[in-house]
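J.: 3D, please:
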Amino acid sequence: MAGFGAGTLAAKTLRREPGRTRRMKDLAAGPVQVGNSLAHILIGEPVPTPDQVRGRLSPEYALCCGKEFVRREAKLTDRTFDRRDVVKLMAAAGTTGLSARTMWPGAAQGAGAAGAAAYSPAAQFDLDVSEVEFRRNAAGRMLMARIYQPKGPGPFPTVLDLHGGAWNRKDRHAEEPMDRALAASGLLVVAVDMTVAPEAPYPACVQDANYAVRWLKQKAATWNGDAAKLGIYGSSSGGHVAELLALRPRDPRYNAIPLDGAPNVDATVAWVATRSPISNTFARYQNAENHHREGMIKNNKTFFVPWETIHESNPQEILEREEKVTLLPLLIMQGALDDNVLPEVQEKFVKTYKAAGGDCEFHLFENSVHEWVAEPGPQTDKARETVKAFIARQLKA
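T.: Modelled structure (predicted):
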């Protein structure tokens, strides 16, 4: 639930006595017996005692409305709340931009359910950038998450960034320019480290990413995010991981890492946007062989263990095998000069995805190599705008 004003009163249910409810529109009829705080009126939580209210109101709410609360305490203790009281507290909250989660800390889950703030690709926000521990992998390394949080009322639509690096290197910093550009338009962007192949082969990094989706659904409200239409941005090998998550959101191998406190949260997402994804793993390996790129050959052989998994985890072959998959809205951005992931290989995947019934936007960027977005320029600017426009369409869908 975003910051609210008088217009948000309609169609909420008030809890009075056990088994009895009253609609918000009935406030017009006069005093009603309801809960002890405005947040309870808005989110319909069970009514606490006055002592509980004093102990649980957030400091921000107390600062804004503390005097009003003291003046009304006798009335609240009697469990009576007049519609004029509602209007006064609503006005106090609205003028300070307080959200439901600010007034009543326990409302974070309800706030997410109410929907994210309207997203405009042209918007501009300052950012708070921070880092938190994500999870410790089997190799003993603490994987980290980097959070790009817009400064504003929110809650903001949420994006998970999965880095590239040929499955063998790089981390959460890999796509920082893109992450910052997306977040500055009003998106909560969270980039996570993933296990690299020298630590553990496939499917370890896919398991990390699957866990990250579930973890972010649980945590997004902490950073003023809304995960109702959570999506993924993936680059190169991170795009390959993103495609696997999209195609197989409930694969038990990928869901192998339990999420404490939220065992029923799934790894489904609403959309996937990619730059130079490895949509055909075996074709990319063959291309490395043809160009005698020993480093890339080694990267593949380190990651795909046993070797047969290069086919089992190949998005192109998954579709050709007609596996039961989920087909999400998918964006693929491809450099026309990419000699790492060949444009014709990508175009074949796009055709196969569409033939299977999927919605796939394909954009070919002229004069652009595999990692063209790493350098400033018109095509990099175009890529950022393409991603933002795609996300805007998915959020409106």
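
J.: Can you list phi and psi of residue 287 for me?
T.: phi -60, psi -40 (degrees, to the nearest 10).

J.: Residue 331 contacts residue 272, correct?
T.: Yes - contact status for residue 331 versus residue 272: in contact at 7.2 Å, counting by Cβ atoms under 8 Å. All C-beta spots, glycine's among them, are computed from the backbone N, C-alpha and C.

J.: which residues in the stretch 201-350 of the chain form helices?
T.: 204-219, 237-247, 281-290, 294-303, 309-312, 315-320, 343-355 (DSSP state H, counting those that start in this stretch).

J.: Output the contacting helices and strands for the shortest one.
T.: Other elements packing on helix 309-312 under the criterion 3 or more Cβ pairs under 8 Å, 6 or more residues apart in numbering; DSSP states H and E are helix 281-290.

J.: and the angle from the helix it packs on to helix 237-247?
T.: 160 degrees (axes from the mean of the first three to the mean of the last three Cα atoms, to 10 degrees).

J.: just checking, what packs against helix 281-290?
T.: helix 294-303, helix 309-312, helix 315-320, helix 343-355.

J.: for the stretch 1-150 of the chain, which spans come out with low pLDDT?
T.: 1-115 (pLDDT under 70).

J.: Let's see that with 50 instead.
T.: Low-confidence segments of the stretch 1-150 of the chain (pLDDT under 50): 1-113.

J.: Deepest in the core, which of the helices and strands packed on helix 281-290 is it.
T.: By mean neighbour count, with neighbours taken as mean count of other Cβ atoms under 10 Å, helix 315-320 ranks first of those at a mean of 19.

J.: Could you say which one of the helices and strands packed on helix 281-290 comes nearest to residue 247?
T.: helix 315-320 (5.9 Å; Cβ to Cβ).

J.: Residues contacting the closest one, please?
T.: The contact list for helix 315-320 (Cβ atoms under 8 Å, 6 or more residues apart in numbering) reads 240, 243-244, 247-248, 277, 279-283, 311, 325, 345, 348-349, 352-353, 356.

J.: Can you report how many residues neighbour the closest residue to residue 310 other than its chain neighbours?
T.: Excluding the flanking residues, the one nearest residue 310 by Cβ to Cβ, 6 or more residues apart in numbering is residue 304, at 4.0 Å. By the criterion of other Cβ atoms under 10 Å, residue 304 has 22 neighbours.

J.: so what's residue 304 up against?
T.: With contacts defined as Cβ under 8 Å, 6+ apart, residue 304 is in contact with 201, 202, 281, 310, 313.

J.: For residue 281, see how far away the second one is.
T.: Meaning residue 202. Between residue 202 and residue 281 the distance is 10 Å, computed by Cβ to Cβ, to the nearest Å.

J.: Quick check: buried residues in stretch 314-334?
T.: Buried residues in stretch 314-334, defined by neighbour count with 16 or more other Cβ atoms under 10 Å: 314-319, 325, 328-334.

J.: Could you chop the chain up by domain?
T.: Domain assignment for the chain by automatic domain parsing gives 6-113, 127-396.

J.: Can you tell me which of those is most buried?
T.: Highest mean neighbour count of the domains of the chain: domain 127-396, a mean of 19 (counted as mean count of other Cβ under 10 Å).

J.: on that earlier part again, need the helices and strands packed on helix 281-290 in CSV with distance to residue 183 and mean pLDDT, can you?
T.: Shown next, in CSV, are the helices and strands packed on helix 281-290 (distance: least, Cβ to Cβ, whole Å; pLDDT from 0 to 100):
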stretch, distance to residue 183, mean pLDDT
helix 294-303, 30, 98
helix 309-312, 34, 98
helix 315-320, 28, 98
helix 343-355, 27, 98
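
J.: Tell me which helix or strand the closest residue to residue 223 other than its chain neighbours sits in.
T.: In this structure, residue 223 finds its nearest non-sequential neighbour in residue 149, 4.7 Å apart by Cβ to Cβ, 6+ apart. For residue 149, the enclosing helix or strand under DSSP states H and E is strand 142-150.

J.: I'd like the next helix or strand past that strand.
T.: From strand 142-150 onward toward the C-terminus, using DSSP H and E, the following helix or strand is strand 156-162.

J.: packing partners for that next one?
T.: So strand 156-162, by 3+ Cβ pairs under 8 Å, 6+ apart, packs with helix 176-184, strand 188-192, helix 204-219, strand 225-235, helix 237-247, helix 378-396.

J.: ok, now which ones touch residue 349?
T.: 279, 280, 315, 316, 319, 332.

J.: What is the most widely separated pair among the residues you listed?
T.: 319 and 332, at 13.7 Å, using Cβ to Cβ across the contacts of residue 349.

J.: any idea how far residue 230 lies from residue 281?
T.: Per Cβ to Cβ, residue 230 is found 25 Å from residue 281.

J.: same question, residue 241
T.: Counting by Cβ to Cβ, the gap from residue 241 to residue 281 is 11 Å.

J.: if I look at residue 202 and residue 281, which residues touch both of them?
T.: 304, 313.

J.: Only C-alpha atoms, please: export stretch 292-302 in CSV.
T.: What follows is stretch 292-302, C-alpha atoms only, in CSV (Å, rounded to 0.1, in the frame of the first residue of the first chain):
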residue,chain,number,x,y,z
HIS,A,292,39.9,-22.1,-31.1
ARG,A,293,38.9,-20.2,-28.0
GLU,A,294,40.5,-22.4,-25.4
GLY,A,295,39.4,-20.3,-22.5
MET,A,296,35.7,-20.5,-23.5
ILE,A,297,36.1,-24.3,-24.2
LYS,A,298,37.4,-24.7,-20.7
ASN,A,299,34.6,-22.6,-19.2
ASN,A,300,32.0,-24.9,-20.7
LYS,A,301,33.8,-28.1,-19.6
THR,A,302,34.1,-26.8,-16.1
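
J.: picking that back up, what about the helices of the stretch 201-350 of the chain, which gets the closest to residue 261?
T.: helix 204-219 (7.2 Å).
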